[in-house]
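Asker: With the input below, show me the fold.
(4 chains)
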Protein chains: 2
Amino acid sequence: MARNLKPPPQRAAARRGRPETGQSAHNILDVAERLVQTRGYNGFSYADIAAELGVTKASLHYHFASKADLGRALIERYDAAFAHSLAAIDQRFTLPGDRLRAYVALYESVIRGQRMCLCGMLAAEVSTLPAPMQKQLNAYFDANESWLGQVLAAGRRRGELQFAEPARERARAMIGALEGALLVARVYGDARRFRAAVDPLIRDVCGAPPPMRRRRISPG
Amino acid sequence: MARNLKPPPQRAAARRGRPETGQSAHNILDVAERLVQTRGYNGFSYADIAAELGVTKASLHYHFASKADLGRALIERYDAAFAHSLAAIDQRFTLPGDRLRAYVALYESVIRGQRMCLCGMLAAEVSTLPAPMQKQLNAYFDANESWLGQVLAAGRRRGELQFAEPARERARAMIGALEGALLVARVYGDARRFRAAVDPLIRDVCGAPPPMRRRRISPG
DNA sequence: GTCTATAACGAGATAGAC
DNA sequence: GTCTATCTCGTTATAGAC
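Answerer: Model prediction:
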């Protein structure tokens, strides 16, 4: 295959005698996560991760025997991190309206770097994914619907939020809208499109404009 | 490679002396379109199309020299068909509210067969697509925003529809919501989830419940 | 316009040395 | 844990016969 023997890769990270076995897996997941969020599960390979980390593909297979294993680990970690974020919102905010806006901000933080929500991206490719990953996706969206549904229900009880249908149904609508706003905004490479597409829907359930102050028009 | 020589493929379609050169391309596009809508651009191959049509991969390359060519043709046709559907809506309906609901029905027709909107699917993979396809995606969403924005603006002028922000902005929100509703409903393999996620957002702009009659709960 | 055959490459994955 | 080396298969694409 006409290989030109190149000098040894000069690993970036290695070289320290650290007994922690979790460090490498963590780095692998970080890179893989970004690749899935930007290119999709079928749009990246072990070679991409290996090149970025300065290791070989074989080394990756030591940590994640198959791509399906890696995929499962990705959703698992993402789902856990999301649950953690929701718990943090619950702790920090009391008013349902504030919780709702913090939830939206969570999605907004994703689009920086042109990323899609990990599970939204995988949702597009769902029919090509191994069954375990499909089940994890269901669980992810179920958990989101459940949390947001409760926030919305509480908000309506307090008279802070308004909507006609069951809270769970409105939660479904909003989660879909958030995912779709990410999806379309990425086409234009413009993160501001996300807010522009989402704010109207927030206003529909809140009576008043979202935060206390309006955002500025120009960068500043 | 231990090939077991199988009998000749027994083509399904061929065998007729038809001079139309466009027929094959049309069939190829039909299959490719469904594959992209269900599996994504990076989730199918020429081999998949060839197997389904009972032809060889080489034969496909005669009609679409590269996968990028095929991709471009797919968006072009899809975009044209969508424009045609919008023109048909304009002709058939006069009231903005009716046009809006017909627009939503267009999306709803997509999810049967577990399909995603072609351009919504490609939007997820946008960073892996050849530049021409990316530009086509922009044009597609621009056209949608433009059409829907005009419908919404007209509806508000008549007092039929209600929303606070510029019509174009509301159009952006609704298109994102529709794409996202498709995206998430597919995870559950449940087309009804689409309507459940979209109806609340329709009701927010229409004063009244969508159609004259409510849909039935059971199949019938 | 479709075929056979094959090139050229990349994918996921494994064996075994270190 | 990471490496080299290799395997097998799938992918896009081309050449040239029919």
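
Asker: Show me where chain A has its helices.
Answerer: Along chain A, the stretches classed as helices by DSSP state H are A:22-39, A:46-53, A:57-63, A:67-92, A:96-111, A:118-124, A:131-157, A:167-187, A:192-205.

Asker: And the contacts of the third one?
Answerer: Just to be clear, that refers to helix A:57-63. Helix A:57-63 is touched from outside by A:24, A:25, A:28, A:46, A:47, A:49, A:50, A:70, with contacts defined as CB atoms under 8 Å, 6 or more residues apart in numbering or on different chains. All C-beta atoms are positioned from the backbone trio N, CA, C, and that covers glycine.

Asker: For the helices of chain A, give me CSV that also has mean pLDDT and mean neighbour count.
Answerer: Listed next are those as CSV, based on pLDDT from 0 to 100; neighbours: other CB atoms under 10 Å in any protein chain shown:
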stretch, mean pLDDT, mean neighbour count
helix A:22-39, 96, 18
helix A:46-53, 98, 17
helix A:57-63, 98, 15
helix A:67-92, 98, 16
helix A:96-111, 97, 18
helix A:118-124, 99, 26
helix A:131-157, 98, 18
helix A:167-187, 98, 26
helix A:192-205, 96, 21
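
Asker: So which of the ones you listed is nearest residue B:138?
Answerer: Closest approach to residue B:138 among those (CB to CB): helix A:167-187, 6.2 Å.

Asker: Now do the closest one: distance to the chain's middle.
Answerer: Centroid separation for helix A:167-187 versus its chain: 13 Å, with CA atoms, centre = their mean, to the nearest Å.

Asker: Tell me the helices and strands packed up against it.
Answerer: Here helix A:167-187 touches helix A:96-111, helix A:118-124, helix A:131-157, helix A:192-205, helix B:118-124, helix B:131-157, helix B:167-187, helix B:192-205, going by 3 or more CB pairs under 8 Å, 6 or more residues apart in numbering or on different chains; DSSP states H and E.

Asker: try 6 Å this time
Answerer: Other elements packing on helix A:167-187 under the criterion 3 or more CB pairs under 6 Å, 6 or more residues apart in numbering or on different chains; DSSP states H and E are helix A:96-111, helix A:131-157, helix A:192-205, helix B:167-187, helix B:192-205.

Asker: That one to helix B:192-205, inter-axis angle?
Answerer: 90 degrees (axes from the mean of the first three to the mean of the last three CA atoms, to 10 degrees).

Asker: quick one on the thing from earlier: would you list the helices of chain A in CSV and tack on distance to residue B:203?
Answerer: Listed next are the helices of chain A as CSV, based on distance: least, CB to CB, whole Å:
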stretch, distance to residue B:203
helix A:22-39, 33
helix A:46-53, 45
helix A:57-63, 49
helix A:67-92, 27
helix A:96-111, 19
helix A:118-124, 24
helix A:131-157, 15
helix A:167-187, 10
helix A:192-205, 10
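
Asker: Which one, of the ones you listed, ends up nearest to DNA strand D?
Answerer: Closest to DNA strand D of those is helix A:57-63 (CB to the nearest atom of the strand; 3.0 Å).

Asker: Write out the residues of chain A neighbouring chain B.
Answerer: Where chain A comes near chain B, counting by CB under 6 Å from any CB of the partner chain, the residues are A:38-40, A:42-43, A:121, A:123-128, A:137, A:165, A:169-170, A:172-173, A:176-177, A:179-181, A:183-184, A:186-187, A:196-197, A:200-201, A:204.

Asker: can you redo the helices and strands packed on helix A:167-187 as a markdown table with distance to DNA strand C?
Answerer: Conversion of the helices and strands packed on helix A:167-187 to a markdown table gives the following (distance: least, CB to the nearest atom of the strand, whole Å):
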| stretch | distance to DNA strand C |
| --- | --- |
| helix A:96-111 | 23 |
| helix A:131-157 | 13 |
| helix A:192-205 | 29 |
| helix B:167-187 | 22 |
| helix B:192-205 | 30 |
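
Asker: which one of those helices lies closest to residue B:160?
Answerer: helix B:192-205 (9.3 Å).

Asker: Now the closest one - C-alpha only, PDB.
Answerer: Provided in PDB are the C-alpha atoms of helix B:192-205 (Å, rounded to 0.1, in the frame of the first residue of the first chain):
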ATOM      1  CA  ARG B 192     -49.500  10.700  16.200                       C
ATOM      2  CA  ARG B 193     -46.900  12.300  18.400                       C
ATOM      3  CA  PHE B 194     -46.300  14.700  15.500                       C
ATOM      4  CA  ARG B 195     -49.800  16.200  15.800                       C
ATOM      5  CA  ALA B 196     -49.700  16.200  19.500                       C
ATOM      6  CA  ALA B 197     -46.600  18.200  19.500                       C
ATOM      7  CA  VAL B 198     -47.700  20.600  16.700                       C
ATOM      8  CA  ASP B 199     -51.400  21.300  17.600                       C
ATOM      9  CA  PRO B 200     -50.600  23.400  20.600                       C
ATOM     10  CA  LEU B 201     -48.500  25.700  18.500                       C
ATOM     11  CA  ILE B 202     -51.100  26.000  15.900                       C
ATOM     12  CA  ARG B 203     -53.700  26.900  18.500                       C
ATOM     13  CA  ASP B 204     -51.400  29.600  19.800                       C
ATOM     14  CA  VAL B 205     -51.700  31.600  16.600                       C
END
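
Asker: quick one: contacts of it?
Answerer: Applying CB atoms under 6 Å, 6 or more residues apart in numbering or on different chains, the external contacts of helix B:192-205 come out as A:165, A:169-170, A:172-173, A:176, A:204, B:104, B:108, B:111, B:161, B:163, B:177, B:181, B:185, B:210.

Asker: 7 Å instead, please
Answerer: For helix B:192-205, the surrounding residues in contact (CB atoms under 7 Å, 6 or more residues apart in numbering or on different chains) are A:163-165, A:169-170, A:172-173, A:176-177, A:201, A:204, B:104, B:108, B:111, B:161-163, B:174, B:177-178, B:181-182, B:184-185, B:209-210.

Asker: and it, how far from the chain's centre?
Answerer: Averaging C-alpha positions (CA atoms, centre = their mean) puts helix B:192-205 19 Å from its chain's average.
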